[in-house]
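Undergrad: Quick one: sequence and predicted model below, then my questions.
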Amino acid sequence: MAKSNVPPTRSNLIRIKHELTFAREGYEILDRKRDVLAKELVRMAEDAQKVQEEMEKLFAAAYVAQEKAKLLMGREHVEWAALAVHKTIDIQVKFRGVMGVSLPIVEARGEPPELTYSPGDTTATLDEASALFREVLARLTELSRLVTSVWRLAVELRKTQRRVNALEFIFIPDYVETITFIESSLEEREREEIFRLKLLKSRSAKAAGLHTVELDMPHPG
């Protein structure tokens, strides 16, 4: 809104002052939202990093145990034991709102049984690998929830930051500048009107004085 495009009228002054008030209220709301989103984002990012590091360690330990089982039992025997796992896990996703952002709540129902193969033909390393992979699977839903939440919060925070910057550095200063321009124009117009009225009054007084003098002059004859 360029000030040169706004006619300096009292109605525009009232309207723009109202818009400035609304913009400042919107800035305060968005600023509070930005703070809440930033705190929630930092908290969830830290949680996600912690869970991811734990899962990386679990994966590493699980693969080491699996490789040991392959060396002791043979690859085909380990693959046969893995095929015994046929139970699936049901995933249910719900949502909760944080400052207008829908964050997922991931719930897993059911898990593979602890022992899906005959223990007589396997080794302890395979049992260890199986237990570790079950733990990885259990933590996977938590990690997916955290990563998705972090991504959604980051997107919303970026949008909110752009809006806050637009209000703080563009709209509010523009409204203030326009109000100053209109008020200055109106004051200048009032001064000109007062000067015009005084000038008109002065001319009227002079004209009345000349008329009086002419009436008082004696007529020849």
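TA: Looks like it arrived, so ask away.

Undergrad: Helices along this protein, start to end?
TA: For the chain, the helices defined by DSSP state H occupy 10-73, 75-83, 124-166, 172-216.

Undergrad: Point out the most buried one among those helices.
TA: helix 124-166 (a mean of 17; mean count of other CB atoms under 10 Å). C-betas here are computed from N, CA, C, even on glycine.

Undergrad: Residue 91: which of the helices of the chain is closest?
TA: Proximity to residue 91, assessed across those by CB to CB, is greatest for helix 124-166 (6.7 Å).

Undergrad: So which elements touch the closest one?
TA: helix 10-73, strand 101-109 (3 or more CB pairs under 8 Å, 6 or more residues apart in numbering; DSSP states H and E).

Undergrad: least trustworthy helix or strand in the protein by mean pLDDT?
TA: helix 75-83 (a mean of 71; mean pLDDT, DSSP states H and E).

Undergrad: Name the nearest residue to residue 103, sequence neighbours excluded.
TA: Distances taken as CB to CB, 6 or more residues apart in numbering put residue 149 closest to residue 103, at 4.5 Å, once the chain neighbours are dropped.

Undergrad: Pull up the per-residue confidence for that neighbour.
TA: On pLDDT, residue 149 comes in at 96.

Undergrad: can you check residue 65 too?
TA: With respect to pLDDT, residue 65 scores 88.

Undergrad: what's the answer for residue 140, then?
TA: At residue 140, the pLDDT recorded in the model is 87.

Undergrad: That one contacts residue 54, correct?
TA: No - using CB atoms under 8 Å, residue 140 makes no contact with residue 54, being 11.4 Å away.

Undergrad: Let me see the mean pLDDT of stretch 168-183.
TA: Stretch 168-183 carries an average pLDDT of 95.

Undergrad: Can you give the contact residues for it?
TA: 1-3, 6, 8-9, 12-13, 16-17, 19-20, 23-24, 27 (CB atoms under 8 Å, 6 or more residues apart in numbering).

Undergrad: ok, of those, which one's closest to residue 198?
TA: Nearest to residue 198 among those, with distances taken as CB to CB, is residue 8, at 22.6 Å.

Undergrad: Enumerate every residue touching that closest one.
TA: So residue 8 contacts 181, 182, 185, 186, 189 (CB under 8 Å, 6+ apart).

Undergrad: what residue ranges in the chain are flagged as low confidence?
TA: Across the chain, the ranges flagged by pLDDT under 70 are 1-4, 80-88, 110-122, 209-221.

Undergrad: returning to that earlier point: including distance to residue 90, could the contacts of residue 8 go into JSON lines?
TA: Output for the contacts of residue 8, formatted as JSON lines (distance: CB to CB, whole Å):
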{"residue": "181", "distance to residue 90": "64"}
{"residue": "182", "distance to residue 90": "64"}
{"residue": "185", "distance to residue 90": "69"}
{"residue": "186", "distance to residue 90": "70"}
{"residue": "189", "distance to residue 90": "74"}
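
Undergrad: Out of the helices of the chain, flag the one nearest residue 95.
TA: helix 124-166 (10.1 Å).
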